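Novice: need a structure here:
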Amino acid sequence: MTPKRTQQLFAAFPDLYRLHKEDATVSAMCFGFQCGDGWFQPLYRLSAAIEEAARAECLEPNSPAWPKVWQVKQKFGSLRVIVEIDPVPGFDPRPLERTIATLIEKAEAEYLNTCEACGATGADRVGGNKYRLDFPHMNWVYTLCPACAQLYMERKLRPYSS
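Specialist: As a prediction, this is how the structure comes out:
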């Protein structure tokens with residue numbers, strides 16, 4: 001994700017992404033969002049939903065039990081979001097953890113239908129799969145719309161750029 005979009009997410013959800021200031025021994029968020037800008041809006045919605053779920057559990061953003069994102073990355077053409085909740089006496093994190101896991105699972109389905117580069121809906125491919133391409137020269141799987149896939153094949157586009 002570009003630095004501009006990365007900073008927008010950090011600014012909108014500073015407590016959720018508070019680990020981005022830590023080094024790699026603490027969190028992979030120091031590397032930013034390891035995906036394309038096309039997933040900015042779905043990631044923004046997911047971040048807002050995670051914070052809403054935490055508030056529903058009567059947590060405050062400055063609480064030690066407030067969820068924190070450890071890593072956001074693209075893997076196998078889908079987005080992976082790893083969230084931690086620190087144990088705090090008197091707070092059972094399991095209901096919130098289950099809620100967040102459900103939110104992430106639903107969001108992953110959206111990412112599989114969204115172009116990682118531009119945010120457009122992906123096109124159907126043989127076998128009913130979305131336009132997920134395995135590019136031999138990169139050994140990587142991306143979720144791209146037909147237009148971005150063509151640009152990528154012509155090496156005019158790199159979906160994930162930090």
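
Novice: quick one, helices of this structure?
Specialist: Secondary structure of the chain (DSSP state H): helices located at 3-12, 40-56, 94-111, 146-153.

Novice: Can you list the neighbours in contact with stretch 49-60?
Specialist: By C-beta atoms under 8 Å, 6 or more residues apart in numbering, the list of residues contacting stretch 49-60 from outside reads 13, 15-16, 61, 65-67, 83, 91, 95-96, 99-100, 103, 107. No exception for glycine: its C-beta is placed from N, CA and C like everyone else's.

Novice: still on that earlier bit, could I get the helices of the chain in CSV, plus columns for mean neighbour count, mean pLDDT and distance to K21?
Specialist: Formatted as CSV, the entries for the helices of the chain read as follows, by neighbours: other C-beta atoms under 10 Å; pLDDT from 0 to 100; distance: least, C-beta to C-beta, whole Å:
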stretch, mean neighbour count, mean pLDDT, distance to K21
helix 3-12, 15, 96, 9
helix 40-56, 17, 96, 17
helix 94-111, 15, 92, 22
helix 146-153, 17, 78, 32
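
Novice: Format those helices as a markdown table; extra columns: distance to V72.
Specialist: Output for the helices of the chain, formatted as a markdown table (distance: least, C-beta to C-beta, whole Å):
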| stretch | distance to V72 |
| --- | --- |
| helix 3-12 | 9 |
| helix 40-56 | 7 |
| helix 94-111 | 10 |
| helix 146-153 | 20 |
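
Novice: Who's the closest spatial neighbour of S47, skipping the chain neighbours?
Specialist: The spatially closest residue to S47, leaving aside those adjacent along the chain, is F13, at 4.7 Å (C-beta to C-beta, 6 or more residues apart in numbering).

Novice: need the contact list for the one you found.
Specialist: Taking C-beta under 8 Å, 6+ apart, we find F13 in contact with 47-48, 51.
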